[in-house]
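Enquirer: got a structure for you, letters missing:
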Ligand SMILES: Cc1cc2nc3c(=O)[nH]c(=O)nc-3n(C[C@H](O)[C@H](O)[C@H](O)COP(=O)(O)OP(=O)(O)OC[C@H]3O[C@@H](n4cnc5c(N)ncnc54)[C@H](O)[C@@H]3O)c2cc1C
Ligand code: FES
Ligand code: FES
């Protein structure tokens, strides 16, 4: 029987009250959202904290999807299932539904949250790859109501490490909306509901048949879910063609940094990075055109 | 710490440790051992219970997190001596062999039919995809849930017809309900 080491449980009644608690308790305290990454780690004693602060009662405050003309705002406590079922989100960014369909399983998706996924900062986290692809900004609130907004690149400091401080909470993700956009997500896993062997997200913006901008985000092939600026540079201003996708795939394979493990060899993962980048770009372009 | 929650419509209050998992609260503190516990890694789904009506893996939820909420376990499926259509379906269609995965499967199926009374085979397979059965190969589980869906719909139609005819002043014979149950 695996059980976490002893800790004190506190329940947050508001974002600012949670921040106050964390300010007082410091690094011995941790937030718990869905708990589906944190509790498995605590059961294995890979993580130990003296206090857990449950933020699930803040769902009314932090669980929302607000599509707007310039950006879509999503509260950090929005659950996987809500992301999967949101028609507004699927219309603006079909990549979310693509990814959510292959994240864990429906029962886990009932609990896990967007904020928990990003803050876990696991290099294989699918939603981190999605948010990197979409050039998301993260809104972090600290003591005294102070808020700062950081890019995904700044958000992830390293594997399992984010820029969110001991007395801070990630409260919102903002996704910029631009005209002519399309997006898609491709993942290879060993079995249904498993973490990615490799996955790739792609977003493109077209104008008059040419690519105005494009972004690719990869998961499970480096210390972070990486965005690849070289791909964006190679695609900008070009007509979307198979050979261009091929070229983007080659850059993806070259730019990533996979390791050989039980999920596959580094070579196999590089091959997947190329192939999945190609497929995701192809589908993103199809969607941008329709 | 003290926790109060509703389990199968009964309010319970207990003194617990913060680290106690919901699955152990149900099994060890409340002696509701119908909820099984199989993997510790949130993968097998045998510990699934309903939390405010939604299936959750109770080995990955703190008992404290369920405080103030409603939990339903397999013990809370039947209404007195009357089995839930899901339970009847598993009996009729041989939805189990050893029965280890069965409570979790039935809870997920109950939640599915509550929101989607007429699920396709693909929808049923998707709903239980986070749960492992080492015995039946899923075909009979899927058939059991379909059985429950069909019979639940037929029973609901019967109730509506009976009420309507009663309202129309006719004699409603509960023993000989109108409508086919095929
Ligand atoms: C069986 C299984 C399969 C899975 N498969 C996949 C998969 O295929 N792909 C995938 O991407 N994920 C997968 N996951 C992970 C799942 O999506 C997690 O639920 C998610 O990664 C974490 O979200 P959570 O809300 O449960 O976070 P928690 O576990 O509650 O928290 C994770 C971390 O984030 C911190 N945190 C949470 N919210 C905030 C916040 N608002 N501000 C600051 N810090 C915060 C916590 O303190 C903790 O350190 C799987 C999980 C399980 C159990
Ligand atoms: S015991 Fe909970 S998922 Fe296996
Ligand atoms: S009936 Fe034995 S595990 Fe499913």
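Expert: Nice, thanks for sending it over. Note that the structure is predicted; figures quoted are calculated from it, not measured. Ligands and ions are numbered 1, 2, ... in the order given.
Enquirer: skipping its backbone neighbours, what lies nearest residue A:155 in space?
Expert: What sits nearest to residue A:155 in space, not counting adjacent residues and going by CB to CB, 6 or more residues apart in numbering or on different chains, is residue A:138, at 4.8 Å. Heads up, the C-betas are built off the backbone N, CA and C, glycines and all.
Enquirer: ok, residue A:124 next?
Expert: Nearest to residue A:124 is residue A:220, by CB to CB, 6+ apart, at 4.0 Å.
Enquirer: ok, that neighbour - how many residues close by?
Expert: 29 (other CB atoms under 10 Å in any protein chain shown).
Enquirer: and if you look at the one 3 residues further on?
Expert: When neighbours are counted by other CB under 10 Å, residue A:223 registers 15.
Enquirer: right, and it touches residue A:158 too?
Expert: Yes. Between residue A:223 and residue A:158 there is a contact under CB atoms under 8 Å: 5.9 Å.
Enquirer: please enumerate the strands of chain B.
Expert: Along chain B, counting by DSSP state E, strands occupy B:2-7, B:10-15, B:48-51, B:54-57, B:70-72.
Enquirer: got the angle between the first one and strand B:10-15?
Expert: Just to be clear, that refers to strand B:2-7. Strand B:2-7 and strand B:10-15 are oriented at 160 degrees to each other (axes from the mean of the first three to the mean of the last three CA atoms, to 10 degrees).
Enquirer: which elements pack onto strand B:2-7?
Expert: If you count contacts as 3 or more CB pairs under 8 Å, 6 or more residues apart in numbering or on different chains; DSSP states H and E, strand B:2-7 packs onto strand B:10-15, strand B:70-72.
Enquirer: which outside residues touch it?
Expert: Strand B:2-7 is contacted from outside by B:11-16, B:25-26, B:30, B:32, B:63-64, B:66-73, B:76, using CB atoms under 8 Å, 6 or more residues apart in numbering or on different chains.
Enquirer: what's the closest non-adjacent residue to residue A:168?
Expert: Excluding the flanking residues, the one nearest residue A:168 by CB to CB, 6+ apart is residue A:142, at 4.4 Å.
Enquirer: neighbours around that neighbour, how many?
Expert: So residue A:142, with other CB under 10 Å, has 17 neighbours.
Enquirer: and chain B, which residues reach ligand 1?
Expert: Within chain B, the positions near ligand 1 by CB under 6 Å from any ligand atom are B:42, B:43.
Enquirer: hmm, try it at 8 Å
Expert: Where chain B comes near ligand 1, counting by CB under 8 Å from any ligand atom, the residues are B:41, B:42, B:43, B:57, B:60, B:130.
Enquirer: out of those residues, which are inside helices?
Expert: Using DSSP state H, no member of those falls in helices.
Enquirer: okay, now the unreliable bits of chain B?
Expert: When residues are selected by pLDDT under 70, those of chain B lie in B:165-182.
Enquirer: domains in it, by residue range?
Expert: Here the domain parsing of chain B from the TED database is B:1-76, B:80-172.
Enquirer: just put those in TSV and tack on mean neighbour count.
Expert: Listed next are those as TSV, based on neighbours: other CB atoms under 10 Å in any protein chain shown:
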stretch	mean neighbour count
domain B:1-76	20
domain B:80-172	18
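Enquirer: tell me which of the ones you listed sits nearest to residue A:164.
Expert: Each of those has some distance to residue A:164 by CB to CB; the shortest is domain B:1-76, at 21.4 Å.
Enquirer: and that closest one with ligand 2, contact?
Expert: Yes. Counting by CB under 8 Å from any ligand atom, contacts between domain B:1-76 and ligand 2 involve B:23, B:36-48, B:57-60.
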